[in-house]
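Undergrad: Show me how the following folds:
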Amino acid sequence: MTKKAALQEVLFDGDFAPVPSDTGYRGPIAHRVAGITYRQLDYWARTGLVVPSIRNAEGSGTQRLYSFRDILLLRVVKRFLDVGISLQQIRVAIEHLRERGVDDLTELTLVSDGFSVYEVTSANELFDLSRGGQGMFMISVSSVWRELEGTLSELPGERTVEDEALVDDPADELAARRRSRAV
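TA: Numbers count the residues shown, from 1 in each chain. Predicted structure coming up:
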């Protein structure tokens, strides 16, 4: 296993695949399943973006063998290309994840705004992987709304408009006196 393939393997940890881990797929199958061209597959392997972890091509007559995890990464790269992320930005994002020692890419949530790739690390936090892991914070307005609503429901408030039920209630003597003075 090459150094790049070993680093790539770190991105996926655990047994999540229905396919046996010792099963490999040749290039023609890998590129079709990932939805990319054979030229892309070959280029990404030669440049180290997605290196086949089972067997890399070593000279004439040898064929690369891609694992399930390799094909998963190929498809993730393809999805980012489809939404307009440049290959260079994808490469930076994947390298950043590898350098951070991310153990399992299947546990990540990756998002994109069409310009950058972000890793969602919690409900309120994400990292811009295209810019070396710059931390960013998200604010969910709906969660702030629920939190505020819960807090305010326990505290006294004032009505700004008189409630019609109170105005017509003969038991509310104070409201009746105010109405009679206003007339």
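Undergrad: low pLDDT regions in this structure?
TA: 1-21, 103-107, 123, 131-145, 147, 161-171, 183 (pLDDT under 70).
Undergrad: repeat that with 90
TA: Confidence mapping of the chain against pLDDT under 90 gives the ranges 1-26, 50-51, 53-64, 66-77, 79-80, 82-86, 88-183.
Undergrad: In it, which strand is the longest?
TA: Looking across the chain with DSSP state E, the single longest strand is strand 117-122.
Undergrad: That one: which residues count as buried?
TA: Using 16 or more other CB atoms under 10 Å as the test for burial, strand 117-122 gives V117, Y118, E119. Placement of C-beta: from N, CA and C, glycine included.
Undergrad: you'd agree the second one is up against E125?
TA: No - under the criterion of CB atoms under 8 Å, Y118 lies out of contact with E125, with a separation of 10.0 Å.
Undergrad: on that earlier part again, so what secondary structure elements neighbour the next helix or strand after the longest strand of the chain?
TA: Remark: after strand 117-122, the chain's next helix or strand is strand 125-128, criterion DSSP states H and E. Contacts defined by 3 or more CB pairs under 8 Å, 6 or more residues apart in numbering; DSSP states H and E place strand 125-128 against strand 117-122, strand 134-137.
Undergrad: mind listing what's buried in strand 125-128?
TA: Quick answer for strand 125-128 (16+ other CB under 10 Å): L126, F127, D128.
Undergrad: correct me, but the last one touches S116?
TA: Yes - between D128 and S116 there is a contact under CB under 8 Å: 5.3 Å.
Undergrad: Relative to A93, how far out is R100?
TA: Going from R100 to A93 by CB to CB, to the nearest Å gives 11 Å.
Undergrad: So for the two, which sits in the more crowded spot?
TA: Neighbour count, other CB atoms under 10 Å: between R100 and A93, A93 has more, with 27 against 13.
Undergrad: Helix, strand or coil: sort out that one for me.
TA: Following DSSP: H, G, I helix; E, B strand; the rest coil, the label given to A93 is helix.
Undergrad: Surely T62 and R55 touch.
TA: Yes - under the criterion of CB under 8 Å, T62 is in contact with R55, at a separation of 7.3 Å.
Undergrad: out of those two, which sits in the busier spot?
TA: Each of T62 and R55 has its neighbours counted (other CB under 10 Å); R55 has more, 16 against 10.
Undergrad: burial of the nearest residue to that one once chain neighbours are set aside, as a residue count?
TA: Of all residues not flanking R55 in the chain, L65 sits nearest, at 4.1 Å (CB to CB, 6 or more residues apart in numbering). Number of residues near L65 (other CB under 10 Å) recorded here: 19.
Undergrad: For L65, give me its contacts.
TA: By CB atoms under 8 Å, 6 or more residues apart in numbering, the contact set of L65 is G24, Y25, R26, P52, I54, R55.
Undergrad: and the third one, how many residues sit next to it?
TA: Right, the one you point to is R26. Neighbour tally, R26, other CB under 10 Å: 13.
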